[in-house]
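> Any chance you can model this:
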Amino acid sequence: MKRFFERHVAHLPERMYQIVSDLSDYPRFVPNCQAMQVRPDPAAGDKDVRLARMTISFGPITQAYTSRVTLDAKARTIRAKAVDGPFAYLDSVWSFEPEGQGTRVRFEIDFKISNPLIAAVAEPAFAAKQEEIMRAFCEEADRRFGA
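Here you go, the predicted model:
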């Protein structure tokens, strides 16, 4: 299920990149994120790559999965690819481009849940949450840097 979101925010691209790249802070403000464990990817070489294990909760269901997150501060992009968990695949990209006095924030996500029975219920709910997640990052920027 592929989804694409974008929004203009009145904050600099570097500041928006800083918030989204601060993976360990997600449980504080990202909806349904219960926990996040982040460590460097030992196979990354000289790139900034992290393994992030996120625990999410939707009602009575709690699930954890690990993503390989590639951070590129120069290009202002953050790419994540699930490497375990309930997804057959999950790929996402955040990008931050200057626009007027602020930033055009773009978030693209493509995912499929492995179990077809769970997917029928969970995929639409997970997809619907992505707009709420985008809003949470924008609200966090307002809290950190002023509205």
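
> residues in contact with the residue lying closest to Pro98 once chain neighbours are set aside?
Distances taken as CB to CB, 6 or more residues apart in numbering place Pro13 nearest to Pro98, at 5.5 Å, with adjacent residues excluded. Just so you know, the C-beta spots here come from the backbone N, C-alpha and C atoms, and that holds for glycine as well. Under the criterion of CB atoms under 8 Å, 6 or more residues apart in numbering, the neighbours of Pro13 are 76, 96-98, 103.

> Also Phe5?
Per CB under 8 Å, 6+ apart, neighbours of Phe5: 106-108, 130-131, 134.

> buried stuff in stretch 85-101?
Neighbour-count burial for stretch 85-101 flags 85-87, 90, 92-96 (criterion: 16 or more other CB atoms under 10 Å).

> mind listing which of those residues are in helices?
Residues of these located in helices (DSSP state H): none.

> For Pro116, state which of these is nearest.
Proximity to Pro116 was ranked across these by CB to CB; first place goes to Pro86, at 11.7 Å.

> Let's see the pLDDT reported for that closest one.
Note on Pro86: pLDDT of 90.

> That one and Ser114, how far apart?
Separation of Pro86 from Ser114 (CB to CB, to the nearest Å): 6 Å.

> quick one, helices of this structure?
Using DSSP H, helices in the chain cover 13-21, 26-29, 116-145.

> Just give the number of residues close to Leu12.
16 (other CB atoms under 10 Å).

> Give me the nearest residue to it, chain neighbours excluded.
Distances taken as CB to CB, 6+ apart place Thr103 nearest to Leu12, at 6.5 Å, with adjacent residues excluded.

> With Trp94 instead?
That would be Ile78: by CB to CB, 6+ apart, it lies 4.3 Å from Trp94.

> Neighbours of that neighbour, how many?
Neighbours around Ile78, by other CB under 10 Å: 21.

> who does it bridge with?
Counting by DSSP bridges, Ile78 is bridged to Leu71, Trp94.

> Per-residue pLDDT of it, please?
98.

> now Glu131
As predicted, Glu131 sits at a pLDDT of 85.

> Quick check, Phe107 in contact with Phe96.
No. Phe107 is beyond contact range of Phe96, at 10.1 Å (criterion: CB atoms under 8 Å).
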